[in-house]
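1. Any chance you could fold what I've pasted below:
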Amino acid sequence: MINYPIGDMLVRLKNAYLARHEQVVIPGSKMKEAVLSVLKKEGYIKDFKVDKQPPKSFITVYLRYNLDKHRRPQPAIQGLKLVSTPGRRIYISYNQIPPVFSGIGINILSTNKGILTGAQAQKAKTGGELICQIW
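-> Numbers count the residues shown, from 1 in each chain. Model (predicted):
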């Protein structure tokens, strides 16, 4: 049993990057799909595919690697920080959204307008639950 599905998904992605895997399979949900679509749009993953097989669904995530100056592959996600947990939810206003490494990374928020990045939430002037920070 998984207590925090979003945290489990992010840790699986981080571990797959550390092990240099090309893809990772995770249990599916609509919330995970929304977070993955934000990660895809921001360039942290290549793509993802949803396999709906009754009674469960699975998501295959294709990981992205960037080449450094010595032409060695480096993970697109260098680090992540889970901010909200089931025991400690963090809610912030749009004017309290912190920058991640001086703008290098992104915040992911769950708002009443869906899953948004910190910049999108500030533009829409909506706050919400700060799920994680990725750089």
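
2. from here on, contacts and neighbour counts on C-alpha atoms
-> Fine.

3. For residue 81, give me its contacts.
-> Shown in contact with residue 81 (C-alpha atoms under 8 Å, 6 or more residues apart in numbering): 132-134.

4. And residue 24, which helix or strand is it part of?
-> Element membership for residue 24 (DSSP states H and E) is strand 23-27.

5. So which residues of the protein form strands?
-> Applying DSSP state E to the chain gives strands spanning 23-27, 45-53, 56-63, 65-67, 73-75, 80-82, 91-92, 106-111, 114-117, 128-134.

6. for the shortest one, packing partners?
-> The contact analysis (3 or more C-alpha pairs under 8 Å, 6 or more residues apart in numbering; DSSP states H and E) places strand 91-92 against strand 128-134.

7. just how off-centre is the strand it packs on within its chain?
-> Centroid separation for strand 128-134 versus its chain: 9 Å, with C-alpha atoms, centre = their mean, to the nearest Å.

8. Tell me what angle it forms with strand 106-111.
-> Here strand 128-134 runs at 160 degrees with respect to strand 106-111, directions being taken by axes from the mean of the first three to the mean of the last three C-alpha atoms, to 10 degrees.

9. Extract the C-alpha set from strand 128-134 and format it as PDB.
-> Taking C-alpha atoms only, strand 128-134 is exported to PDB below (Å, rounded to 0.1, in the frame of the first residue of the first chain):
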ATOM      1  CA  GLY A 128      -2.700  26.200  -3.700                       C
ATOM      2  CA  GLU A 129      -0.900  23.200  -2.300                       C
ATOM      3  CA  LEU A 130       2.900  23.300  -3.000                       C
ATOM      4  CA  ILE A 131       3.500  19.700  -4.000                       C
ATOM      5  CA  CYS A 132       7.200  19.700  -4.900                       C
ATOM      6  CA  GLN A 133      10.200  21.600  -6.200                       C
ATOM      7  CA  ILE A 134      12.200  20.200  -9.200                       C
END
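
10. Strand partners (parallel or antiparallel) of that strand?
-> strand 80-82 (antiparallel), strand 91-92 (antiparallel), strand 106-111 (antiparallel) (DSSP bridges).
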